[in-house]
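**Student:** Fold the following and give me the result.
(one chain, ligands or ions: 2)
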Amino acid sequence: MLDIQIAAAAPPPFVRREEYRPPEWLVPEIALDFDLGAERTQVRATLTVARNGDHAAPLKLDGEALKLISLTVDGAEADYNHEADELTVPIAGDRAVVETLVEIAPAANTQLMGLYESGGILCTQCEAEGFRRITFLPDRPDVLSRYRVKMTADKARYPVLLANGDPVGAGDLADGRHWAEWHDPFPKPSYLFALVAGDLVANRDSFATRSGKTVDLGIWVRDGDVERTRHAMAALKASMAWDEKVYGREYDLAVFNIVAVADFNFGAMENKGLNIFNSRYILADPDTATDADYDAVAGVVAHEYFHNWSGNRVTCRDWFQLSLKEGFTVFRDQQFSADQGSAAVKRIEDVRALRAAQFPEDSGPLAHPIRPESYIEISNFYTATIYNKGAEVIRMLHTILGPEKFRAGTDLYFDRHDGEAATCEDFVKAMEDAGGTDLALFRRWYSQAGTPRVRASLTHDAGAGRAHLTLAQQVPPTPGQPVKQPMPIPLKIALFGERSGDKLADRLVLLEGDEQEIVLDGVGERPVLSINRDFSAPVVVEAERSAADLAFLSANDDNPFARYEAMQQLMLDTLIAAAAGQTPDHRPVIEAVEQTLTNTDLDPAFVAEAVLLPSEAFVGDQMLVVDPEAIHRAREALRADLGTELEGLWRSAYSAHAANRFEYSPPAKGARRLRTVSLGYIAASGASDAPQMAKRQFDNADNMTDRQGALGILVNSDAPERAAALSAFYDRYRADGLVLDKWFAVQALSTRPDTPDAVAALAEHVDFTLANPNRLRALVGSFSVNQRAFHRANGQGYRFLADMILSVDKLNPQTAAKLVPALGRWRRFDEDRAEKMKGELQRIVATLGLSKDVFEQASKSLA
Ligand code: ARG
Ligand code: ZN
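**Tutor:** Numbers count the residues shown, from 1 in each chain. Ligands and ions are numbered 1, 2, ... in the order given. The predicted structure follows:
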């Protein structure tokens, strides 16, 4: 018994950044020969290996869940040692050809890492360490190889055979089999390898690069889905043109293919010349995809395409450098999306996402710098910190250097490191050299975790016509980093005259030390402070501005993001006071919303964002002890008052933004958004006709945005229209997996008190499955961010989530581990909830046979 406990508790080892050593062996050439089948696939791998440096170490190859059939070195049988996940082969000279034959079982691969089956299609996912589940190789990003790939498969079942690079040959064989061969001229790390075999059809197009080369484009999907790839194709071509224009980056192969599959652990993957996507980020048409889905498709298509330079041409030396490619590429896709529509609304959405996912991570037990120091399982580090905070760090460089020097910096970076596996330091150095700026202190953004807090206080000397702004920063302690150094924080600030509304000052301040004082002249009248405009730094600002000042800014600031931010702060202050048991006046919020709603100069898309209350979870994040019920009550009360007091305005906005026919354009999107937000407030007012209005919108909609919007409102109500809409939606879309996900998600996000029970029942629904990550995220992931439902006082939400994590872990550890952080927030809750959450984490950690993915997240969450 004791032995078993010790064995179960023996923790998996940490990988440490400081332990990086260059590879002992390089693999300049790889030839792979696949005999493909769902139940059984054989892989013959021919590796040309070369000793790297002066040492006598044997060749070590990674391999996981592989059945080794044979191995030769330079054509002869050779000695080897195969232990755990490593194959050790002694090599006499400095170069050799090592050939292995292995067998794998794609259909039995439920982890969706390596070669697996999704809806009858064979596909791969190798980042970060999936290649070792296909064949033996030094599976690390600093080993770059030229790949030749041959695939043989049954022609009826797998008529299409795709791999990286260019197709070089194909032919038919006896017994209904056929083959195809692809060569990729660009040396790449194994994580960028991909192949696809399946019964697929393509939306084909082409793109002429600025130097006049023609690229054949293909988006491959299942028969019947081609029409739903038009938007993705338009986004791909727009991305290719944008990267040429904005970053001077041209595509480098004659072929670019994208394949969509239904079972995928995350969004998509940038494999060289053959991106593989979660189908939810490819398929879109008005009947099945919302405007937000359309935006997400374009954003992810752009993101993966942009990786061709920021990730593939220049890759990462080791996985601690992950943000080098992900932070930079997210920044690039954010810029691209901002250029396609409203930049202000895009910035609001990006900041909202950062605050919803990254801020909690940065203040919790899993906090880590954008360049972590250690990990147990690298899959756990594909986080909001690496991606979204990483993008904010790049954005700060852009702000500090300005667009021209920033571009000079990226040119220098691509130039210097093309074909290499680089580090975050290489990127900063290129920025430093091209920008002629010392970034020594800025590097702390790479090494220190935690969201800095900036306190701002403004004093005014009317007689001297002068204002003093005092800024002080504090970076909170995070696990392993009790004491922090101050960070350089670029803050865009402005002062507005309270009386005149004039802008009295507008500048970029770089707060470098603990504290700094700024003197602003020419300030004759009482100034109102606008700070962190455009969200120039990923920090929390405490500026102690009055409700009147915030209302003033929400109406008068000329920076749309700052206007939104002022309104949010006003709402937040009101909600926090109410949740803490006070009875704050709702009037300032109501008046500010009224001002915004009646300002005809504003873009409806912006208005819709500005009048929305902060989420319950975000209000909770501001409180020392989160009280989910009190927050819910406070927020519903403010919503109801806004609904009632401004009912006439909501009703006129609702009718003013009706459309005759669906159109996909920024103004039409803005109108749809404001219309559904208005309907939400009409429902919040308690108006008796609200359920009928919502049902009418649901029934008459000619697009998913309006339909899902109406359903999202009805799902919170007790009206009979609720059940009718849910069942109509189910009947109409039960055969469409992506839309059925919405049906699960909308119910898991309901604010009704019975949501925890409804979610438990949905987990038993015939259409629920643990095997599909999208379905799991739709139900369980959505539920875990529904603050009121998940934190129901009796702890049933915690138990449900822990049960799900343990069940999923047996199939797909990576996806199971993503569900753990919701339980890790126990320190923020009352003792009773905290004990219950901890109890579930302890139950998880004590489970035998736990994956290292879940072990890492759960054990760190308890520490
Ligand atoms: N590189 C991919 C992307 O961001 C994501 C890969 C995620 N891999 C993982 N193990 N979670 O575009
Ligand atoms: Zn990426």
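**Student:** Quick one: residues contacting residue 375.
**Tutor:** By CB atoms under 8 Å, 6 or more residues apart in numbering, the contact set of residue 375 is 14-15, 319, 381, 856. Every C-beta, even on glycine, is put in place using the N, C-alpha and C of the backbone.
**Student:** For residue 134, see how far away it is.
**Tutor:** Distance from residue 375 to residue 134, counting by CB to CB, to the nearest Å: 22 Å.
**Student:** Please apply the same query to residue 57.
**Tutor:** If you go by CB to CB, the gap between residue 57 and residue 134 works out to 24 Å.
**Student:** next one: residue 50
**Tutor:** 22 Å.
**Student:** Name the next helix or strand following whichever helix or strand residue 806 is part of along the chain.
**Tutor:** Element membership for residue 806, per DSSP states H and E: helix 796-811. Proceeding N to C from helix 796-811, the next assigned helix or strand is helix 813-817, under DSSP H and E.
**Student:** which other residues reach stretch 793-809?
**Tutor:** 629, 756, 759-760, 763, 770, 776, 780, 783-784, 789-791, 815-817, 819-820, 822-823, 832-833, 836-837, 839-841, 843-844, 847, 850-851, 853-854.
**Student:** if I pick residue 293, what's in contact with it?
**Tutor:** 280, 284, 704.
**Student:** ok, back up a step: quick one: which of residue 50 and residue 134 has more around it?
**Tutor:** For residue 50 and residue 134, the more surrounded residue by other CB atoms under 10 Å is residue 134, and the numbers stand at 28 against 14.
**Student:** how close does that one sit to ligand 2?
**Tutor:** 21 Å (CB to the ion, to the nearest Å).
**Student:** returning to what we had before: and the contacts of residue 293, which is closest to ligand 1?
**Tutor:** Comparing the contacts of residue 293 against ligand 1 with CB to the nearest ligand atom places residue 280 closest, at 14.0 Å.
**Student:** list the contacts for the closest one?
**Tutor:** Residue 280 neighbours (CB under 8 Å, 6+ apart): 293, 296, 738, 741, 774.
**Student:** change it to 6 Å
**Tutor:** residue 738 (CB atoms under 6 Å, 6 or more residues apart in numbering).
**Student:** can you confirm it is in a helix?
**Tutor:** Yes: counting by DSSP: H, G, I helix; E, B strand; the rest coil, residue 280 is found in a helix.
**Student:** tell me the SS of the nearest residue to residue 322 once chain neighbours are set aside?
**Tutor:** Nearest residue to residue 322 in three dimensions, chain neighbours excluded: residue 386, at 5.2 Å (CB to CB, 6 or more residues apart in numbering). With three-state DSSP as the basis, residue 386 sits in helix.
**Student:** residues in contact with residue 386?
**Tutor:** Applying CB under 6 Å, 6+ apart, the residues near residue 386 are 322-323, 326, 370.
**Student:** which among those residues gets closest to ligand 1?
**Tutor:** residue 326 (5.6 Å).
**Student:** what does the stretch 251-400 of the chain have sitting close to ligand 1?
**Tutor:** 266, 268-270, 303-304, 326, 379, 382 (CB under 6 Å from any ligand atom).
**Student:** Against ligand 2, which of those residues make the cut? List them.
**Tutor:** residue 326 (CB under 5 Å from the ion).
**Student:** can you put the residues of the stretch 251-400 of the chain next to ligand 1 in TSV and add secondary structure and pLDDT?
**Tutor:** Below are those laid out as TSV (DSSP: H, G, I helix; E, B strand; the rest coil; pLDDT from 0 to 100):
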residue	secondary structure	pLDDT
266	coil	98
268	strand	99
269	strand	99
270	coil	99
303	helix	99
304	helix	99
326	helix	99
379	helix	98
382	coil	98
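**Student:** so what secondary structure elements neighbour the one helix or strand residue 495 maps to?
**Tutor:** Following DSSP H and E, one finds residue 495 within strand 489-497. Here strand 489-497 touches helix 390-401, strand 503-511, strand 527-531, going by 3 or more CB pairs under 6 Å, 6 or more residues apart in numbering; DSSP states H and E.
**Student:** That strand vs helix 390-401, what angle?
**Tutor:** Angle, strand 489-497 to helix 390-401, by axes from the mean of the first three to the mean of the last three CA atoms, to 10 degrees: 70 degrees.
**Student:** Check which residues of strand 489-497 are buried.
**Tutor:** Judged by neighbour count using 16 or more other CB atoms under 10 Å, the buried positions of strand 489-497 are 489-497.
**Student:** which of the contacts of stretch 793-809 are close to ligand 2?
**Tutor:** Filtering the contacts of stretch 793-809 for neighbours of ligand 2 using CB under 5 Å from the ion leaves an empty set.
**Student:** Quick one, which of the contacts of residue 375 are buried?
**Tutor:** With burial judged by 16+ other CB under 10 Å, the buried subset of the contacts of residue 375 is 15, 319, 381, 856.
**Student:** quick one, what contacts the first one?
**Tutor:** With contact taken as CB under 6 Å, 6+ apart, residue 15 is in contact with residue 375.
**Student:** That one and residue 679, how far apart?
**Tutor:** 51 Å.
**Student:** Ok, the third one next?
**Tutor:** The gap separating residue 381 from residue 679 is 40 Å, by CB to CB.
**Student:** Just the closest residue of the stretch 101-250 of the chain to ligand 2, please.
**Tutor:** residue 127 (8.8 Å; CB to the ion).
**Student:** Domain-wise, how is this structure divided?
**Tutor:** 15-199, 314-447, 453-537, 591-862 (automatic domain parsing).
**Student:** State the mean pLDDT of stretch 763-776.
**Tutor:** For stretch 763-776, the mean pLDDT works out to 98.
**Student:** just how off-centre is that stretch within its chain?
**Tutor:** 21 Å (CA atoms, centre = their mean, to the nearest Å).
**Student:** So for that stretch, what gets flagged as buried?
**Tutor:** Under 16+ other CB under 10 Å, the buried positions of stretch 763-776 are 763, 768, 770, 772-776.
**Student:** What parts of the protein come near ligand 1?
**Tutor:** Of all the residues in the chain, those lying near ligand 1 are 127-128, 266, 268-270, 303-304, 326, 379, 382, going by CB under 6 Å from any ligand atom.
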